[in-house]
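Enquirer: give the three-dimensional model of this entry:
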Amino acid sequence: MNFNIMMNMITKELNKQSDVQIDMALTSQMAVNISLWSRMFENESPWLNKNVKSCNLAAAIASEIARLVTLESKSEISGSPRAEYLQKSYKQALKGLRRYVEYGCAKGGLVFKPYVTEQGLNVQYIQADSFFPVSFDSSGAITRCVFAEQIKKGQSIYTRLEDHELINGTLRITNRAYKSSYSVSLGSEIPVQSVPEWNKLEYEVVFSNVDKLPFGYFKVPIANTEDSDSPLGCSVYARAIELIKEADHRYSQISWEYEAKEAAIHIAESMLKDDPNDKIKKVAPAHKERLYRPVEYSGGATDKPLIEVFSPDIRAESLFKGFNELLRLIEFNCSLAYGTLSDPQNVDKTAEEIKASKQRSYTMVSDTQMALQDALNDLVKAMDFYCSVYDLCPQGKYDISFTWDDSIVVDAEKEMLQDMQQVREGLLPKWKFKVKWQGLSEKQAKAELAEEAQGHTDIGFFDNEGES
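Expert: Okay, the predicted model is just below:
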């Protein structure tokens, strides 16, 4: 669906149903931005044409940040029978997390929306170009939004608008369906149950004593330089759009350089055979059509037989150097470490310089992990909400745990070896080593050490007590 067109159609439809003027929380500039970020991610940037090729940097940037954010990430729900019920759906929802975080990083945000089926709880992932916020409260929390879904069947387009509105603790969710033959119009309204894929949905449901909309919203945690008043997130490559555009042009120049200066042989037409099917054309040797370029040489009354080799030097080194510097600018503007996109042989060499370069990326990844954690916490709250209102399982408390990998900066193996050395030298208590590297509690670690001491267990590098 076209994001800008859909936003205008939804706004028009909401105003038909309301006695007061309704405007989207999305500004026109933000709508244009989301549409552009989506096109770039899908490798359909507006500047691409037959002369400008894409090096697909937008998708590469979003993919790398999503990979670093979700690398070895773990999260689970525990604490009660309700927690066990929630964990089953939550575990299933996390299976495709990296892929959906990539969509969120590319387009500025992602909604985790639970819904109830006959089998239990499922989670729907809604990307930023299918999510239309209508209003926010003073804290930036969404108080009304519309989700759009489209199905094409033959020449017909079916659109479903799911409207979530929270007013004074009352949540109202409505489903409206439309049928049209044109993508620029919603068409006429039809019963939502008349579409087989939506026949289990209610037209309207209302819930009381609700403090927030029942879904999690993941927002990329960087400032929006295009629309500073917008509470929505922006793409991880929002600050590098012009640089990415220039990189595509530079990459295309390099490709043309190789193509234009491809080795060839200019050969007089008189040296080629006649085409048996066309008396005017000449035929190059079999399978050498790309190598030979027939040229008409005139020496007066007759052609002058001539062969000339065309093999100019390619300016590869200078072109790639400029392209590499451009990639480094993109890395900086997208909070990536040098060498992520650019040539890693050209990055700083010392350990401290490498660590300083990675620190920028680490900060971005860490902030994004916390934003994702907030969204997942809200997702679980929404799942718990539906468990209660639909009586899916017994009431009970739950705890959510999160583990995020930080190896982008920390070399875990190297750090463990350093800690082992400190234990040998008596600078680090053994129980602290066990807590840090074996995942034990302080009580468990000290109990193990007491048991080992009593049994005179040889524990290798623990020969020096190092207790405090």
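Enquirer: mind listing what's buried along the longest helix seen in the chain?
Expert: In the chain, assigned by DSSP state H, the helix with the most residues is helix 351-389. Burial within helix 351-389, assessed by neighbour count using 16 or more other C-beta atoms under 10 Å, is assigned to 354, 357-358, 360-362, 364-366, 368-369, 371-373, 375-376, 378-387, 389. To be clear about C-beta, it is placed using only N, CA and C from the backbone, and glycine gets the same treatment.
Enquirer: and that helix, what does it pack against?
Expert: Helix 351-389 sits against helix 57-70, strand 74-78, helix 81-93, strand 109-117, strand 120-127, strand 216-219, strand 399-403, with contacts defined as 3 or more C-beta pairs under 8 Å, 6 or more residues apart in numbering; DSSP states H and E.
Enquirer: residue ranges with poor pLDDT in the stretch 301-450 of the chain?
Expert: 301-316, 346-357, 406-414 (pLDDT under 70).
Enquirer: hmm, back to that, angle of the longest helix of the chain against strand 120-127?
Expert: Counting by axes from the mean of the first three to the mean of the last three C-alpha atoms, to 10 degrees, helix 351-389 lies at 130 degrees to strand 120-127.
Enquirer: where does the stretch 1-150 of the chain have low pLDDT?
Expert: The stretch 1-150 of the chain contains residues with pLDDT under 70 at 1.
Enquirer: give the burial count for Ser80, as a bare number.
Expert: Number of residues near Ser80 (other C-beta atoms under 10 Å) recorded here: 16.
Enquirer: give the full set of residues in contact with the residue nearest to it when sequence neighbours are not counted.
Expert: Excluding the flanking residues, the one nearest Ser80 by C-beta to C-beta, 6 or more residues apart in numbering is Gly396, at 3.3 Å. Contacts for Gly396 (C-beta atoms under 8 Å, 6 or more residues apart in numbering) come out as 79-83.
Enquirer: repeat that for 7 Å
Expert: 80-83 (C-beta atoms under 7 Å, 6 or more residues apart in numbering).
Enquirer: swap in Leu440?
Expert: Counted by C-beta under 7 Å, 6+ apart, Leu440 has contacts Lys434.
Enquirer: tell me where this protein has helices.
Expert: Listed in chain order, the helices of the chain (DSSP H) span residues 3-17, 28-41, 57-70, 81-93, 97-107, 241-260, 316-333, 351-389, 412-424, 430-438, 442-454.
Enquirer: helices and strands around the fifth one, which ones?
Expert: Contact here means 3 or more C-beta pairs under 7 Å, 6 or more residues apart in numbering; DSSP states H and E; on that basis helix 97-107 packs against helix 28-41, helix 57-70, strand 109-117, strand 120-127.
Enquirer: the second one too?
Expert: Packing contacts for helix 28-41, counted by 3+ C-beta pairs under 7 Å, 6+ apart, involve helix 3-17, helix 57-70, helix 97-107.
Enquirer: hang on, the earlier thing: compare the helices and strands packed on helix 97-107 and give me the one nearest Thr174.
Expert: strand 109-117 (14.5 Å; C-beta to C-beta).
Enquirer: buried sites along the closest one?
Expert: 109-114.
Enquirer: and of the residues you listed, the nearest to Leu68?
Expert: Closest to Leu68, out of all of these and judged by C-beta to C-beta, is Leu110, at 16.5 Å.
Enquirer: list the contacts for the residue nearest to the closest one when sequence neighbours are not counted?
Expert: Counting by C-beta to C-beta, 6+ apart, Leu110 lies nearest to Gly104, which is 3.2 Å off, once chain neighbours are set aside. Taking C-beta under 7 Å, 6+ apart as the contact definition, Gly104 lies against 110, 218, 220.
Enquirer: out of those residues, flag the one nearest to Ser28.
Expert: Closest to Ser28 out of those is Val220 (20.6 Å), distances taken as C-beta to C-beta.
Enquirer: how far away is the nearest residue to that closest one once chain neighbours are set aside from Lys153?
Expert: Among residues not flanking Val220 along the chain, Gly233 sits closest, at 4.0 Å (C-beta to C-beta, 6+ apart). Relative to Lys153, Gly233 is positioned 33 Å away (C-beta to C-beta, to the nearest Å).
Enquirer: what sits closest to the spatially most central residue of the chain if chain neighbours are left out?
Expert: Nearest to the geometric centre of the chain sits Glu102, at 1.7 Å (C-alpha atoms, centre = their mean). Spatially, and ignoring its direct neighbours in sequence, Glu102 is nearest to Ala66 (3.8 Å; C-beta to C-beta, 6+ apart).
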